[in-house]
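1. what's the 3D shape of this:
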Amino acid sequence: MAETVDLQEPVVGAGLVVAVGLLGYGTVVSETIVGIDASVGATWILAATFAVLAVIHASVGQYDLTLGHGGGAVGWLLVLLGSTGVHVALGLALLVLSGGYIAIRTKRRRSDDSGEPPAES
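-> As a prediction, the model looks like this:
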C-alpha cells in the first residue's frame, strides 16, 4: 500500500480542492463556467478523481481497491448521465456500496500493515 499512499492522498486532495473551488465559484461569482453548471462540473471532477484512483491502484496490482474506486466512478457516471430515476438510484446505490467496500478494504489493509489483529464488529 505504500506505493499508493504517496499518490492517493494528493489525487484525492487535488480532486476535492478543484470540486470545492468550482462549487464556491458557482455560488459566489456565476452559476456557470464556460456554459457548464458549476455543480455538474464539480461532480465530473469527483467522477474523474475516482477513475484516476482506480487506475493508480490497478497500476500497482491492488485490484480490490481498483474495483472499489472503479465502482465509485461508474456510480458517479450513472448519476451524471442517468436518463431515468432508476439509473440515478442505481448510481447512488453503487456509490454507497463502493464507498463501504473501500472503507472496509482500507481498514483491513491498515490493520494488516500495522500487525494488529482486525477489530471485531
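2. Mind checking what secondary structure residue 83 has?
-> Counting by DSSP: H, G, I helix; E, B strand; the rest coil, the backbone at residue 83 sits in coil.
3. Kindly report the same for the one 5 residues further on.
-> Secondary structure state of residue 88, per three-state DSSP, is helix.
4. Burial check on residue 52, number of neighbours?
-> For residue 52, the tally of surrounding residues (other CB atoms under 10 Å) stands at 18. C-betas here are computed from N, CA, C, even on glycine.
5. wait, isn't it in contact with residue 14?
-> No - with contact defined as CB atoms under 8 Å, residue 52 does not reach residue 14; the gap is 9.3 Å.
6. Mind listing the shared neighbours of the two?
-> The overlap between the contact sets of residue 52 and residue 14 (CB atoms under 8 Å, 6 or more residues apart in numbering) is empty.
7. quick one: the nearest residue to residue 106 once chain neighbours are set aside from residue 91, how far?
-> Leaving out its chain neighbours, the residue that sits closest to residue 106 by CB to CB, 6 or more residues apart in numbering is residue 65, at 7.6 Å. As judged by CB to CB, to the nearest Å, residue 65 and residue 91 stand 20 Å apart.
8. Off-centre distance for the lowest-mean-pLDDT helix or strand in the chain?
-> One helix or strand of the chain scores below all others by mean pLDDT, DSSP states H and E: helix 2-28, with a mean of 85. Relative to the chain's own centre, helix 2-28 is displaced by 10 Å; criterion: CA atoms, centre = their mean, to the nearest Å.
9. Show me which positions of that helix end up buried.
-> Using 16 or more other CB atoms under 10 Å as the test for burial, helix 2-28 gives 4, 8, 11, 15, 18-19, 22-23, 25-26.
10. how near is the spatially most central residue of the chain to residue 26?
-> Closest to where the C-alpha atoms of the chain average out (CA atoms, centre = their mean) is residue 50, at 3.5 Å. Distance of residue 50 to residue 26, given as CB to CB: 21 Å.
11. for residue 37, same thing?
-> For residue 37 relative to residue 26 (CB to CB), the value is 7 Å.
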